[in-house]
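Engineer: I would like to see how this sequence folds:
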Amino acid sequence: MSDTINADGNRGLALSGNIEIIARFEHAFRAADQATIDELCDPGLVDHNPAPGHEPTLAGFAVA
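Structural biologist: Numbering: from 1, shown residues only. Model (predicted):
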C-alpha cells in the first residue's frame, strides 16, 4: 500500500483515519451498537442491498 498525502501535506493520516472509522463501524455493527452506527453513518444512507422486508435507509439498515 502506498503512502497518501492529505490536504495538509501529512502522509498517511487520511488513510489511518479511514481505517479507524471502518474499525469502529465494524465493532459497532457486531455489537449492535446503534448509537455508534448512527454517529458514523450519514442520515441519508442508502442501502443498495437491503434485507428482505426492510427499507433501503439507515432506519431499515438498523433493524436488519
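Engineer: need the pLDDT of R24.
Structural biologist: If you check R24, the pLDDT there is 94.
Engineer: and E55, its phi and psi?
Structural biologist: phi -70, psi 150 (degrees, to the nearest 10).
Engineer: so what's it up against?
Structural biologist: Applying Cβ atoms under 8 Å, 6 or more residues apart in numbering, we find E55 in contact with no residue. (C-beta placed from N, C-alpha, C; glycine too.)
Engineer: what's the longest helix along the chain packed up against?
Structural biologist: Identified as the longest helix of the chain according to DSSP state H is helix 13-31. If contacts are counted by 3 or more Cβ pairs under 8 Å, 6 or more residues apart in numbering; DSSP states H and E, helix 13-31 sits against helix 34-40.
Engineer: now the next helix or strand after the helix it packs on, how far from the centre of its chain.
Structural biologist: With elements assigned by DSSP states H and E, the helix or strand that comes after helix 34-40 is helix 58-63. Computed by Cα atoms, centre = their mean, to the nearest Å, the chain-centroid distance of helix 58-63 equals 13 Å.
Engineer: how about helix 58-63: buried residues?
Structural biologist: L58, G60, F61 (16 or more other Cβ atoms under 10 Å).
Engineer: contacts for it, please.
Structural biologist: Contacts of helix 58-63 (Cβ under 8 Å, 6+ apart): Q34, I37, D38, C41, D42, P43, G44, L45, D47, P50, A51, H54.
Engineer: for this structure, name the helix or strand with the lowest mean pLDDT.
Structural biologist: Here the helix or strand of the chain ranked lowest by mean pLDDT, DSSP states H and E is helix 58-63, holding a mean of 80.
Engineer: so where's the chain shaky on pLDDT?
Structural biologist: 1-15, 63-64 (pLDDT under 70).
Engineer: count of neighbours near D47?
Structural biologist: Counted by other Cβ atoms under 10 Å, the residues lying close to D47 total 16.
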